[in-house]
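Enquirer: Quick one, fold the following:
(2 chains)
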Amino acid sequence: MSSGMSGLGSLAQSARQKQLKSARGILLGIGILTVLANLVYMALAESQVKAELDKEVQQLSQKGMAVDRAKLAKIQNDAVTMTLMINGVTCGLGVVFILFGIFVNKYPVPITIAGLVLYIGAAAVFAFINPESLIQGIIIKVIIVAALVKSLQAALAYEREKSTAAFDGVPAA
Amino acid sequence: MCLEPPPTGPLELSDDDAPMRECWRCGKQVVASVEKCPFCAAGSTRRAIVSGPQIAATTADSALMRLLAAYVIFLAVSVAGMLFIRTDSWLGAGRREAKPSEILVATLVLEAIDVVVVLVAIAWIRVPSTVQRPRFGKRVAVWVAFLPVLAALLAFNIVYHWILRDIAQIDMIETNFTKDARLLPGWIVAICVQPAVIEELFFRYAALGALRTVTGVHAAVILSAVMFGMIHLAVPLSIPMLIVLGIGLGYARIASGGMVLPMVLHFLHNAAILVLERALS
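Expert: Numbers count the residues shown, from 1 in each chain, chains lettered A, B, ... in the order given. Now for the predicted structure:
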């Protein structure tokens, strides 16, 4: 490889590195926001479940129906456990995204693929749990997916260039 | 792991006319016929730095992008289908609860759509050949070795769900609809046969094959297992367990070099779960 070519190659590599940096930002951003939001949801889980159930009990009372308090307490308890469990798992997913952000420079291709798969997969799971969630913030979701795809393409090119440079004895930029 | 073409450094003749070559690692002149460099002990050829099989870059990238697009379509079809089954809209705006036979028919229709989606996806992705088939003796040993692995995966599944059900007190899946003995053949097809064939074709053949071209073998197995776990969106709390199952099936595919072992293991796993669910319900 001539010096001119390696100069161009290193320019392209630094552009790809910038793209990887933005991938790192996206992954860390998704992770931190997910963790914070779910910690807040977990803190509010009991009061929110209680408020929802109270609303339903009120509606039933207006229709002249009596509610078994013991059964209601069990339903409330189950609903709180389920909410905490889902929020806990989602919080864990946030931690995974933060780890992805930290290690994306070390393993760019596998981590960008994993980030993309987990982000899209989680969106599908939440769409199944609550279909309205698919439409909420759809523009931001599309932007994040597009940025992750772009990062994946950059990671593929970066890895290939790096291995070619090492193969040719040219240090990777 | 692939090998680079033989070194093409300048060949020189030494005093005694033996052909010389330049060592690819230390750059010193060594006799061409020598296996290892006397200065740095490097072999006469070097192994490639990339760990994946040698596939043209454009082929690998386009196979990966097609795979991801196909996966999004597969997820979308699953979400739409599962919502359709769950909302009971096909029963006249939820006027009554769905009968087990109706749930079975809806499930089979959804799975038939999945079959079409996966077969079209495989034809479209054009999966590069990346997994080598071992010798017959090794294949037999792999089949025998994976029986205890299946037992371990089943035990993990049971313990995982026991913790969720009895310790965390979360009853996640309605299993009563598999109780009717007349519907059992239908449920065997829906729960054991179709997933064992179609999911294995997508995740262990197409996904693992396409991922293998751009990552190492372990990363490809884990990523395909994550994809496999996330497609089971109807049971979100079981996804971590399904990822572990996917890793086991991925290694079964790699070790055996074929699709039959992961398919058989997947079938046996699901069949055991179906039997257990019927016994518990």
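
Enquirer: Going by C-alpha atoms from here, please, whenever you check contacts or count neighbours.
Expert: Will do.

Enquirer: Let me know how buried the residue in chain A that chain B sits nearest to is, in neighbour terms.
Expert: The nearest approach of chain A to chain B comes at A:V125, 4.9 Å away (Cα to the nearest Cα). Neighbourhood size, A:V125 [other Cα atoms under 10 Å in any protein chain shown]: 23.

Enquirer: low-confidence ranges in the chain?
Expert: Chain wasn't specified; assuming chain A. Across chain A, residues meeting the criterion (pLDDT under 70) sit at A:1-11, A:13, A:164-173.

Enquirer: looking at chain B here, not the other one
Expert: Checking chain B against pLDDT under 70 turns up B:1-17, B:23-27, B:40-58, B:87-96, B:130, B:169-176, B:281.

Enquirer: Can you give me every residue that contacts whatever residue of chain B ends up closest to chain A?
Expert: As assessed by Cα to the nearest Cα, chain A sits closest to B:L233 within chain B, at 4.9 Å. Neighbouring residues of B:L233 by Cα atoms under 8 Å, 6 or more residues apart in numbering or on different chains: A:A124, A:V125, A:F128, B:S78, B:V79, B:I239.

Enquirer: Please enumerate the helices of the stretch 51-200 of chain B.
Expert: Assigned by DSSP state H, counting those that start in this stretch, the stretch 51-200 of chain B shows helices spanning B:57-87, B:100-125, B:136-162, B:184-187, B:194.

Enquirer: Which of the contacts of B:L233 has the largest number of neighbours?
Expert: A:A124 (25 neighbours).

Enquirer: The nearest residue to B:S256 once chain neighbours are set aside: neighbour count?
Expert: Nearest residue to B:S256, sequence neighbours excluded (Cα to Cα, 6 or more residues apart in numbering or on different chains): B:R139, at 5.4 Å. Burial of B:R139 is recorded as 17 neighbouring residues (other Cα under 10 Å).

Enquirer: One more: B:H269?
Expert: Neighbours around B:H269, by other Cα under 10 Å: 19.

Enquirer: Tell me how many other residues crowd residue 129.
Expert: Picking chain A for this. 16.

Enquirer: not what I meant, chain B
Expert: Neighbours of B:S129 (other Cα under 10 Å): 14.

Enquirer: isn't it right up against B:G209?
Expert: Yes - with contact defined as Cα atoms under 8 Å, B:S129 reaches B:G209; the gap is 6.7 Å.

Enquirer: and the gap between the spatially most central residue of chain A and B:M230?
Expert: Most central in chain A under Cα atoms, centre = their mean is A:Y119, positioned 4.6 Å from the mean C-alpha point. Using Cα to Cα, to the nearest Å, one gets 10 Å for the distance from A:Y119 to B:M230.

Enquirer: picking that back up, next, the contact list for the residue of chain A closest to chain B, please.
Expert: Contacts of A:V125 (Cα under 8 Å, 6+ apart): B:V79, B:M230, B:L233, B:A234, B:P236.

Enquirer: Kindly recompute the last result at 10 Å.
Expert: A:131, A:133-134, B:75, B:78-79, B:230-236 (Cα atoms under 10 Å, 6 or more residues apart in numbering or on different chains).

Enquirer: what number of residues lie near the residue lying closest to B:L75 once chain neighbours are set aside?
Expert: Distances taken as Cα to Cα, 6+ apart place B:I231 nearest to B:L75, at 6.1 Å, with adjacent residues excluded. A count of nearby residues for B:I231, using other Cα under 10 Å, gives 24.

Enquirer: B:I231 against B:D114, yeah?
Expert: No - in this structure B:I231 lies outside contact range of B:D114 using Cα atoms under 10 Å: 11.5 Å.

Enquirer: Need the residues touching each of those two.
Expert: B:F74, B:L75, B:S78, B:E199.

Enquirer: quick one: which of those residues is nearest B:S256?
Expert: B:E199 (17.5 Å; Cα to Cα).

Enquirer: Helix or strand: which one has the residue lying closest to B:P236 once chain neighbours are set aside?
Expert: Spatially, and ignoring its direct neighbours in sequence, B:P236 is nearest to A:V125 (6.7 Å; Cα to Cα, 6+ apart). Using DSSP states H and E, A:V125 sits in helix A:108-129.

Enquirer: next one: that helix to chain centre, how far?
Expert: Put simply, helix A:108-129 sits 7 Å off its chain's centre (Cα atoms, centre = their mean, to the nearest Å).

Enquirer: B:V117 is in contact with B:A69, isn't it?
Expert: No - counting by Cα under 10 Å, B:V117 does not reach B:A69; the two are 11.8 Å apart.

Enquirer: neighbour-wise, which of those two wins?
Expert: Under the criterion of other Cα under 10 Å, the comparison of B:V117 against B:A69 puts B:V117 first, with 18 against 14.

Enquirer: Give the full set of residues in contact with A:I113.
Expert: A:I113 sits in contact with A:Y119, A:L148, A:V149, A:S151, A:L152, A:Q153, A:A155, B:L64, B:L68, B:L211, B:L223, where contact means Cα under 10 Å, 6+ apart.

Enquirer: same deal with A:I140?
Expert: A:A146.

Enquirer: Stretch A:141-148 and chain B in contact?
Expert: No - using Cα under 10 Å from any Cα of the partner chain, stretch A:141-148 stays clear of chain B, coming no nearer than 11.3 Å.

Enquirer: buried set for that stretch?
Expert: For stretch A:141-148, burial by neighbour count (16 or more other Cα atoms under 10 Å in any protein chain shown) applies to A:K141, A:I144, A:V145, A:A147, A:L148.

Enquirer: Equivalent analysis for stretch A:88-97, please.
Expert: Buried residues in stretch A:88-97 (16+ other Cα under 10 Å): A:G88, A:V89, A:T90, A:C91, A:G92, A:L93, A:G94, A:V95, A:V96, A:F97.
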